[in-house]
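# Below are the sequence and a predicted model; questions follow.
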Amino acid sequence: MSRTDRREESVNSGKLSLYDVIIIGSGPAGYTAGIYTSRARLKTLLITGSLPGGQLMTTSEVENYPGFPNGIFGPELMMNMRQQAERFGAVAVDDEVIKVDFHRRPFELTTNIETYKAEAVLICTGASPRKLGIKGEEIFAGRGVSYCATCDGPFFKGEDIVVVGGGDTALEEATFLTKFGKSVKIVHRRDSLRASKILQDKAFENPKIEFLWHNVVIDIQGSKKVASVVVSDVNNGKVKNIPAGGLFVAIGHDPNTHIFKGQLELDEKGYIVLKGNSSTSIEGVFAAGDVHDYRYRQAITAGGFGCMAALDVEKWLLEHQHHAQDRENLDTSNIYRST
């Protein structure tokens, strides 16, 4: 039976699964939230998305997540978090939400396979880095191609590094990378930058930074890891091979919020607008992680946001008595003190 047939059978039969909370997305935010809501004995469903575990599933070694002095591989960290959430009773489904209805409660969420209902929804769908879409980019992801200098910069000590972009993020990352790299070349297709004046001044004054104006990256070469980056001049088409041990792509991120358009308030960049700690424009719908956080974008901050949102969900459900379990006699005074 196909996914479409299974979903139609589920909808037609009228058997819509009802949960206290459904967490859309996984990664550090979603899995952390799942640990907290399931420990609180809320009936929790984690719909993990098209890439269960999020961006860390494509990351090699994670050295800056607390508790792992020798580092840990991204996929291993995510699987550990998932298993921890499942240990406390969360149900994890590797599927993708394709439609939501937040106009009435309980909320209704439709995936490729089934339709679910929930008293509360927590959105942890994250954001995806914009990619160059060139040859070698996917091949060398995690082997010299990175989208986060804060995450991966220390791996490139003594290397020649190339950064692509011309905005605040590109210049911030390039300046940060000079702490580790032997040299940093910023490739930009124009002859002027969008970045703020203060960041431009810092970059121009840094002796390790060089600008390659009117150029775009067209290829990445190497064997087991990045060895060089091929650029092309947009004016005359001249091609140049630049020796480099790392390529950092800093051309922006896109929040994964397309299915929430018309349902929730989003900002001009598409990020979810919060109306409190983690509340969205719809009462009972919460958000955590990179889906609203365009500043920090770290695994540890996403996990922290997931914890905060889970506690907010629990408190909201208790106050509104929107879940099926009888919790009338539960003392809620220590919710925010539990560990």
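In hand now; what should we look at?
# Contacts for stretch 289-304 next, please.
Contacts to stretch 289-304, defined as C-beta atoms under 8 Å, 6 or more residues apart in numbering, come from residues 25, 27-30, 32, 56, 62, 64-66, 77, 123-127, 148, 150-151, 253, 255-257, 269, 271-274, 288, 305-306. Heads up, the C-betas are built off the backbone N, CA and C, glycines and all.
# how about 6 Å then?
Applying C-beta atoms under 6 Å, 6 or more residues apart in numbering, the external contacts of stretch 289-304 come out as 28-29, 32, 65, 123-127, 255, 271-272, 274, 305.
# Stretch 240-251 now?
If you take C-beta under 6 Å, 6+ apart as the criterion, stretch 240-251 is touched by 130, 132, 144-147, 149, 156, 159-165, 169-170, 173, 226, 228-231.
# same question, stretch 81-95
Residues contacting stretch 81-95 (C-beta under 6 Å, 6+ apart): 31, 34-35, 38-39, 44-48, 52, 111-113.
# Buried residues in it, which are they?
For stretch 81-95, burial by neighbour count (16 or more other C-beta atoms under 10 Å) applies to Met81, Arg82, Gln84, Ala85, Glu86, Ala90, Val91, Ala92, Val93, Asp95.
# try stretch 296-310
For stretch 296-310, the neighbour count (16+ other C-beta under 10 Å) marks 297-299, 301-310 as buried.
# quick one: it to chain centroid distance?
Here stretch 296-310 is found 10 Å from its chain centre; the criterion is C-alpha atoms, centre = their mean, to the nearest Å.
# cool, and stretch 294-313?
Stretch 294-313 sits 11 Å away from the centroid of its parent chain (C-alpha atoms, centre = their mean).
# Please look at Gly306 and Ala33 and confirm they touch.
Yes - with contact defined as C-beta atoms under 6 Å, Gly306 reaches Ala33; the gap is 4.0 Å.
# now the strands for the stretch 151-300 of the chain?
Remark: strands assigned in the stretch 151-300 of the chain by DSSP state E, counting those that start in this stretch are 160-164, 183-187, 209-212, 215-222, 226-233, 239-243, 246-249, 253-255, 285-287.
# The third one pairs with which strands?
When sheet partners are counted by DSSP bridges, strand 209-212 sits next to strand 183-187 (parallel).
# try the first one
For strand 160-164, the paired strands and their directions (DSSP bridges) read strand 183-187 (parallel), strand 246-249 (parallel).
# What average pLDDT does that strand get?
In this model, strand 160-164 has an average pLDDT of 98.
# what's in contact with that strand?
Residues contacting strand 160-164 (C-beta under 6 Å, 6+ apart): 170, 173-174, 177, 181-187, 217, 229, 243-244, 246-250.
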